[in-house]
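Student: need a 3D model of the following:
(one chain, ligands or ions: 2)
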Amino acid sequence: MADSTGPISLTVHGAAGRMGRRVVALGLADPSFQLVGAIDHAESPELGKDSGAVAGEAPSGVEISSHWPALDEKSIKRAVIDFSLPEAIDGCVQHCVEAGSPLVVATTGLTEEQKQGLSEAAKSIPVVWAPSMSLAVNLSMKIAEQITAALKDVSGGLDVEILERHHRFKADAPSGTALKFGELIAGQLGESTSHVHGREGHTGARTREEIGYHAIRVGDNPGEHTIVFGMLGEKIELNVAASNRDCYASGALAAAKWLIQQDKGPGLYSMFDVLGMSQG
Ligand SMILES: NC(=O)C1=CN([C@@H]2O[C@H](COP(=O)(O)OP(=O)(O)OC[C@H]3O[C@@H](n4cnc5c(N)ncnc54)[C@H](O)[C@@H]3O)[C@@H](O)[C@H]2O)C=CC1
Ligand SMILES: O=C(O)C1=N[C@H](C(=O)O)C[C@H](O)C1
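Tutor: Ligands and ions are numbered 1, 2, ... in the order given. Okay, here's the model as predicted:
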């Protein structure tokens, strides 16, 4: 008999990573979840170690492994949270589709083909996919859309530039969050918008239809985005910055809870859906 009561059986994909460790730590502290799996690369130096200990917490009894835990057919409340790398996504998605496990995907830098794969997977399982799981970032995205709508026809024209700052270890650029900001702002500016990544050489004057992106990599910055709305005579700078990674980890756990507690069916959902920001 399937058990619809009790905690959500949680598996973390990328469990030994900077983000995976925080998801494990916060998940272990949340009685809504029971950690049942901590997956990482077969060559990870953390393989075989206790996931709680690797996360700096008390032992969890769940070792970091490259093999997925056996499915508990009685437990219908289960979810997978992925904070891995693009090269790891296909295997994770395939497992979740085969197991019928709801999935939260946080990994950025996906190829267009991998994004299509998420849409295909969402035909059979519920998927939350967002480049940032942060409440403040998703709220800032909505505000950026409103600012753009209000200023896009301003006299003298509107210039939008997106600056992002991350730790020195970040492997992709610009951030998935910056790209999402640009996508949403371009949705307000119109189809003629071009996306310009950095500038060098004799570029000529900036065109009215471009959004500029600039990726800064310094120290241990957990993520900061500044959207500059420049006009002739004044500007607005919208800044949102994390001081640690827990805003993302708690957002991903909230997304998993939302999928299970709202009993979401197959579909591709965003953090706007999770946070109730989808309208407007
Ligand atoms: N959506 C969001 O809110 C956020 C997304 N991210 C994204 O999450 C991803 C991970 O970020 P970090 O934790 O900083 O990176 P990280 O490099 O510290 O962690 C990635 C983990 O994935 C593991 N991995 C690699 N290949 C694997 C495989 N085949 N199977 C299982 N595990 C595998 C690595 O061994 C590592 O432990 C990045 O794409 C980053 O942009 C990061 C923070 C917030
Ligand atoms: O790699 C990171 O750290 C982060 N990556 C995400 C992105 O690429 O947008 C989210 C957050 O900014 C932190």
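Student: drop to CA atoms for contacts and neighbour counts, all remaining ones
Tutor: OK.
Student: and residue 83, how many neighbours?
Tutor: Number of residues near residue 83 (other CA atoms under 10 Å) recorded here: 27.
Student: surely it touches residue 21?
Tutor: No: with contacts counted by CA atoms under 8 Å, residue 83 stays clear of residue 21, the gap being 9.7 Å.
Student: show me the contacts for residue 9.
Tutor: 33, 34, 35, 36, 75, 77, 78, 79 (CA atoms under 8 Å, 6 or more residues apart in numbering).
Student: highest neighbour count among the residues you listed?
Tutor: These, ranked by neighbours (other CA under 10 Å): first place residue 79, 28 neighbours.
Student: tell me the secondary structure at it.
Tutor: strand (DSSP: H, G, I helix; E, B strand; the rest coil).
Student: domain map for this protein?
Tutor: Per automatic domain parsing, the structural domains of the chain span 8-133+245-274, 135-241.
Student: all strands in the stretch 151-280 of the chain, in order from the N-terminus.
Tutor: Under the criterion DSSP state E, counting those that start in this stretch, the stretch 151-280 of the chain contains strands at 159-166, 194-197, 210-217, 224-230, 235-241, 267-269.
Student: can I take it that residue 147 is in a helix?
Tutor: Yes: according to three-state DSSP, residue 147 belongs to a helix.
Student: who's in contact with it?
Tutor: Counting by CA under 8 Å, 6+ apart, residue 147 has no contacts.
Student: re earlier: shared neighbours of residue 83 and residue 21, anything?
Tutor: Joint contacts of residue 83 and residue 21 (CA under 8 Å, 6+ apart) are residue 15.
Student: before we move on, back to that, any chance of the contacts of residue 9 in JSON lines, plus distance to ligand 1 and pLDDT?
Tutor: Formatted as JSON lines, the contacts of residue 9 follow (distance: CA to the nearest ligand atom, whole Å; pLDDT from 0 to 100):
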{"residue": "33", "distance to ligand 1": "19", "pLDDT": "98"}
{"residue": "34", "distance to ligand 1": "20", "pLDDT": "97"}
{"residue": "35", "distance to ligand 1": "16", "pLDDT": "97"}
{"residue": "36", "distance to ligand 1": "15", "pLDDT": "96"}
{"residue": "75", "distance to ligand 1": "23", "pLDDT": "63"}
{"residue": "77", "distance to ligand 1": "22", "pLDDT": "92"}
{"residue": "78", "distance to ligand 1": "18", "pLDDT": "95"}
{"residue": "79", "distance to ligand 1": "16", "pLDDT": "97"}
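Student: look up phi and psi at the closest residue to residue 15 other than its chain neighbours.
Tutor: Of all residues not flanking residue 15 in the chain, residue 38 sits nearest, at 5.2 Å (CA to CA, 6 or more residues apart in numbering). Here is the backbone geometry of residue 38 (degrees, to the nearest 10): phi -140, psi 100.
Student: which parts of the stretch 1-150 of the chain sit against ligand 2?
Tutor: 108, 131, 132 (CA under 6 Å from any ligand atom).
Student: cutoff 5 Å now
Tutor: The stretch 1-150 of the chain comes close to ligand 2 at residues 131, 132, as judged by CA under 5 Å from any ligand atom.
Student: thinking again about what came up before, just the contacts of residue 9 now: which is nearest ligand 2?
Tutor: residue 79 (20.6 Å; CA to the nearest ligand atom).
Student: doesn't residue 99 make contact with the closest one?
Tutor: No: counting by CA under 8 Å, residue 79 does not reach residue 99; the two are 10.3 Å apart.
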